[in-house]
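Colleague: okay, here's the prediction I keep looking at, along with the sequence it came from:
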Amino acid sequence: MNKDHIDELLSRGISNIYPSKEFVQAQIVKGKKLTIYLGIDPTGPTLHLGHAIPIKKLSEFQKAGHKVILLMGDFTAMIGDPTDKGTARKQLTHTEVMANLKNYKKQASALLNFKGKNKAEIKFNSKWLGKMNFEDVIDLASKMTVQQMLERDMFKKRTEENKPIFIHEFLYPLMQAYDSVAMNVDGELGGNDQIFNMLCGRDLMKTLKNKEKFVISVKLLEDNNGKKMGKSDGNMAKLSDNADLMYSSIMSWNDGLLVSSFELCTNIPMFEIEIIRKNIETTSANPRDIKMRLARSIVTIYHGEKNAEEAEKNWENTFSKKEIPDNIGSINAKVEDLLIDLFLSNKIVASKMEFRRLVESGAITNLTNDEKILSANDVAKNGVYRIGKKRFCKINIK
RNA sequence: GCGUCGGUACUCAAGUGGUCAACGAGGGCAGACUGUAAAUCUGCUAGCUUCGGCUUUCGGAAGUUCGAAUCUUCCCCGGCGCACCA
């Protein structure tokens, strides 16, 4: 592994390395095979591109020959990470958690290699956390002070706002810290929102095993103003999305995210990204075209070159040229069926009220005969309907 | 345990007997403008409706009242203060 390669591994998309970049670098240079893990709490059924960023970094370590572990936080997810949470998170049952992580491996396999030599290993932290008795917990709890916990921003904030902080929330970082000890890893990888939790693990490793666990935090997607892109922004593409959907989600990202998403989500070399950045800043090049390249390279990672190319074509046809997309869902209907009923039963709208509102705002059009739907009681006709900008459906009358 | 303040829609948050399906902000949806961006402007954002209304919703249950998110009682949950600290 040459020096530039190592440098890219330890700098691209990285926000911080503890104790230092040099510390990790020295071990790699010595040729040591490192064991590194990334933990994910299965709090929802799908992984999205935000999760993919640290997973991608983990895969880079795998490709460089290091041993990587994807840790499923099936135990910790039941407690709930208080990071970024204004209130205590609802606790999940183990059944819910297991259902959530069912597809994680499949979704992550576009990035990580789960087969062959040096395959990525999946572990579950319930295996050790679930076995601890109260004495073990007390022992663990004695390693950290209440003040250290209260230093955390969101606990401070909650204290100021007179909102509850439950004791079990204090235990969360300790549990995550214990993961490191149980797996005896050399290092941990995670988003930069996880730094506190990861550093707890570093401290615990030092205390219990006298081992310098390193911590690598990766940057999160954020725009020029430093605003983080989260699930709440709605267009965070899921890894389970098909190529078309993923492509169009990425196209609706804010321009401000462009440079950082090239760095974090694609394999395009850094020197090229630097050129792209200069292009954006200095020329009048249409950022749309740059964004198309972004979308294309990301979709290629998850769906392959061919599907990405097709998704790009579909996107151009549908949104740039305003043509009717050719791969839209169709609904079979009878002659007298009302549009409102068909849309409701096919879950295109959530309620009849939503349909009425859409009609009132002129959002529903029959593209085949170019007629806007003006009444909520219109009978369905053969043809393709567009609902708003993104929703399409085809109706076949039998 | 005592006192006191609080629990409101997806989130935050106003409302302290009728004008409340509930101000405002964020998010979301839609329209205009565009590059399906962003920003901006506008409308919508519980459900059903023959468009007259009707039904469900302000922690839970019961009650007072012609009428309750708003008042009373009990219960559940939380913040703060005091007490307790074997």
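Modeller: Structure's in. What do you need?

Colleague: so where's the stretch 151-300 of chain A uncertain?
Modeller: Residues of the stretch 151-300 of chain A meeting the criterion pLDDT under 70: A:222-236.

Colleague: next one: the stretch 1-150 of chain A
Modeller: In the stretch 1-150 of chain A (pLDDT under 70), the answer is A:80-93, A:96.

Colleague: quick one: the strands in it?
Modeller: In the stretch 1-150 of chain A, the segments counted as strands under DSSP state E, counting those that start in this stretch are A:14-18, A:35-40, A:67-72, A:121-124.

Colleague: these: which one's closest to A:Lys156?
Modeller: The closest of the strands of the stretch 1-150 of chain A to A:Lys156 is strand A:14-18. By Cβ to Cβ, the value is 21.0 Å. All C-beta atoms are positioned from the backbone trio N, CA, C, and that covers glycine.

Colleague: which strands and helices sit next to the closest one?
Modeller: Packing contacts for strand A:14-18, counted by 3 or more Cβ pairs under 8 Å, 6 or more residues apart in numbering; DSSP states H and E, involve helix A:21-29, helix A:195-209, strand A:214-218.

Colleague: mind putting these into CSV with mean neighbour count and distance to A:Thr282?
Modeller: What follows is the helices and strands packed on strand A:14-18, written out as CSV (neighbours: other Cβ atoms under 10 Å; distance: least, Cβ to Cβ, whole Å):
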stretch, mean neighbour count, distance to A:Thr282
helix A:21-29, 15, 31
helix A:195-209, 19, 34
strand A:214-218, 23, 28
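
Colleague: now tabulate these in a markdown table and tack on distance to RNA strand B.
Modeller: Converted to a markdown table, those look like this (distance: least, Cβ to the nearest atom of the strand, whole Å):
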| stretch | distance to RNA strand B |
| --- | --- |
| helix A:21-29 | 34 |
| helix A:195-209 | 21 |
| strand A:214-218 | 24 |
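
Colleague: give me the distance between the residue of chain A found nearest RNA strand B and A:Ile250.
Modeller: At 2.2 Å from RNA strand B, A:Gly388 is the closest residue in chain A, using Cβ to the nearest atom of the strand. Distance of A:Gly388 to A:Ile250, given as Cβ to Cβ, to the nearest Å: 19 Å.

Colleague: the more surrounded of the two?
Modeller: A:Ile250 (26 against 11; other Cβ atoms under 10 Å).

Colleague: distance to A:Ser59 for the helices and strands packed on strand A:14-18 - can I get that in a markdown table?
Modeller: Formatted as a markdown table, those follow (distance: least, Cβ to Cβ, whole Å):
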| stretch | distance to A:Ser59 |
| --- | --- |
| helix A:21-29 | 16 |
| helix A:195-209 | 19 |
| strand A:214-218 | 12 |
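
Colleague: count of neighbours near A:Asp361?
Modeller: Just so we're on the same page, residue A:361 is Ser rather than Asp. 9.

Colleague: wait, what's in contact with the residue of chain A closest to RNA strand B?
Modeller: A:Leu358, A:Ala363 (Cβ atoms under 8 Å, 6 or more residues apart in numbering).

Colleague: just the pLDDT for it.
Modeller: We have a pLDDT of 89 for A:Gly388.

Colleague: buried residues in the top helix by length along chain A, which are they?
Modeller: Ranked by number of residues, the top helix in chain A under DSSP state H is helix A:287-315. Using 16 or more other Cβ atoms under 10 Å as the test for burial, helix A:287-315 gives A:290-303, A:307-308, A:310-312, A:314-315.

Colleague: after it, heading C-terminal, what element do we hit next?
Modeller: The first helix or strand that comes after helix A:287-315 along the chain, using DSSP states H and E, is strand A:330-333.

Colleague: run me through the strand neighbours of that following strand, direction for each.
Modeller: Counting by DSSP bridges, the strands paired with strand A:330-333 are strand A:391-397 (parallel).

Colleague: could you give the mean pLDDT of the partner strand?
Modeller: 89.

Colleague: could you export that strand as PDB, CA atoms only?
Modeller: Only the C-alpha atoms of strand A:391-397 are listed here, as PDB (Å, rounded to 0.1, in the frame of the first residue of the first chain):
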ATOM      1  CA  ARG A 391     -46.000  10.700  -9.100                       C
ATOM      2  CA  PHE A 392     -47.200   9.000 -12.200                       C
ATOM      3  CA  CYS A 393     -49.600   6.200 -12.900                       C
ATOM      4  CA  LYS A 394     -51.100   4.500 -15.900                       C
ATOM      5  CA  ILE A 395     -54.800   3.500 -16.000                       C
ATOM      6  CA  ASN A 396     -56.000   0.600 -18.100                       C
ATOM      7  CA  ILE A 397     -59.700   0.300 -18.400                       C
END
